[in-house]
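Chemist: coordinates only, sequence not included:
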């Protein structure tokens, strides 16, 4: 890993970068040095203690510890440049989503993000403006989602047969203990903060093929467009992780693979039953209504098993401990580790990277 080290571009002041770069059509036309320069001129974040520009970055660990998470987005696995619906994914979307999913993992530990390093692998014909969009989307996500103190400390660029972005993010616990999956106890209340099911609805809409040559996005309602937006640019509730810690959350995790699959992970780690109410998860029903009607599905299926919305799932000792902004969806019971919906074992849990 380098921290975007390149003597031809990375150490130039911003005004020199603009003069050194020509409007190339693709990554291949630009070359590595100018590619790095263009990325650096568009990354916006709080400053790191050291970086980018050297072989490694130096970041702060304010209370002597830090948490770290890493996630990768791969073309045709985690996103499509062009969807069956005709909708196109921008580099801005990919940069935003990379930031969001990593920030959400830090948030789920009850921590606050402090620094990020980003690795890009790109085909040589990738348009330069698309790549610049990645940097802008990542930077804007830090600002908009509430992680302004997180610095982009460096990263790497390389050539590949498909677009991929890997980001690692560190965070500070600010003196608190981390919230983990193994702390849930019988009698706890199960609650969720953030959107539930909208990103899954958005994915279903993106995957719809045109009918009678009519571009599908032109027919989407306002709520359907919002679901698509939350798939392409998730909005994890970053303010709620530290709040949950203050209110005594006993366990917490990010919902990335579906509520039920992630609830089962807490159940296994804690040795408890996570009992979920199907009515409790229906709090975004109005947002999902149009998409559900178009796709012919029960919107609760998206809420229970749909991933990529990056809501927070947590357990609290008492109902009175659940903070404002959280939705109560169930309770923790004693018994063999499992997840139940309305008292029954569900047939489907959610997304699995290696399942067909």
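Modeler: Arrived safely, thanks for sending. It should be emphasised that the depicted structure is a prediction, and the values quoted were computed from it without experimental measurement.
Chemist: all the strands of the chain, residue numbers only.
Modeler: Secondary structure of the chain (DSSP state E): strands at 67-74, 112-122, 151-159, 164-172, 189-193, 251-255, 273-276, 311-316, 327-333, 338-341.
Chemist: please identify the deepest-packed of these.
Modeler: Most buried of the strands of the chain, by mean neighbour count (mean count of other CB atoms under 10 Å): strand 311-316, with a mean of 28. C-betas here are computed from N, CA, C, even on glycine.
Chemist: ok, the residue with the shortest distance to the centre of the chain - contacts?
Modeler: Residue closest to the average C-alpha location in the chain (CA atoms, centre = their mean): residue 101, at 1.8 Å. With contact set as CB atoms under 8 Å, 6 or more residues apart in numbering, residue 101 has these partners: 71, 73, 234, 236, 254, 256, 308, 310.
Chemist: sorry, back to before: closest to residue 52 out of the strands of the chain?
Modeler: strand 151-159 (3.8 Å; CB to CB).
Chemist: helices or strands up against the closest one?
Modeler: Judged by 3 or more CB pairs under 8 Å, 6 or more residues apart in numbering; DSSP states H and E, the packing partners of strand 151-159 are helix 32-40, strand 112-122, helix 128-145.
Chemist: and of those, who's closest to residue 333?
Modeler: Taking these one by one with CB to CB, strand 112-122 is closest: 32.6 Å.
Chemist: and the angle for the closest one with strand 67-74?
Modeler: 30 degrees (axes from the mean of the first three to the mean of the last three CA atoms, to 10 degrees).
Chemist: show me how far strand 112-122 is from its chain's centre.
Modeler: 13 Å (CA atoms, centre = their mean, to the nearest Å).
Chemist: name every strand pairing with that strand and say which way it goes.
Modeler: Under the criterion DSSP bridges, strand 112-122 sits next to strand 151-159 (parallel), strand 164-172 (antiparallel) in its sheet.
Chemist: lowest average pLDDT across those strands?
Modeler: For these, mean pLDDT drops lowest on strand 151-159, to a mean of 89.
Chemist: returning to what we had before: who wins for proximity to residue 62 among the helices and strands packed on strand 151-159?
Modeler: Per CB to CB, nearest to residue 62 of the helices and strands packed on strand 151-159: strand 112-122, 7.9 Å.
Chemist: residue 194: neighbour count?
Modeler: Per other CB atoms under 10 Å, the neighbour tally for residue 194 reads 25.
Chemist: hang on, isn't residue 171 packed against residue 116?
Modeler: No. Residue 171 lies out of contact with residue 116 (CB atoms under 8 Å); the separation is 10.0 Å.
Chemist: quick check: bridge partners of the closest residue to residue 74 other than its chain neighbours?
Modeler: What sits nearest to residue 74 in space, not counting adjacent residues and going by CB to CB, 6 or more residues apart in numbering, is residue 164, at 4.6 Å. Beta bridges link residue 164 to residue 74, residue 121, judged by DSSP bridges.
Chemist: ok, residue 164 - contacts?
Modeler: Each residue near residue 164 by CB under 8 Å, 6+ apart is listed here: 72-75, 120-121.
Chemist: what's the separation between it and residue 173?
Modeler: Separation of residue 164 from residue 173 (CB to CB, to the nearest Å): 30 Å.
Chemist: any weak-confidence spans in the chain?
Modeler: Across the chain, residues meeting the criterion (pLDDT under 70) sit at 1-46, 51, 213, 351-356.
Chemist: tell me the domain boundaries of it?
Modeler: 14-172, 189-341 (automatic domain parsing).
Chemist: can I get those in a markdown table including distance to residue 180?
Modeler: Formatted as a markdown table, the domains of the chain follow (distance: least, CB to CB, whole Å):
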| stretch | distance to residue 180 |
| --- | --- |
| domain 14-172 | 7 |
| domain 189-341 | 6 |
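Chemist: so residue 238 makes contact with residue 144?
Modeler: No. Residue 238 is beyond contact range of residue 144, at 10.1 Å (criterion: CB under 8 Å).
Chemist: neighbour count: the two, which is higher?
Modeler: Counted by other CB under 10 Å, residue 238 and residue 144 do not tie: residue 238 has more neighbours, with 21 against 14.
Chemist: list the contacts for that one?
Modeler: So residue 238 contacts 103-104, 107, 113, 145-147 (CB under 8 Å, 6+ apart).
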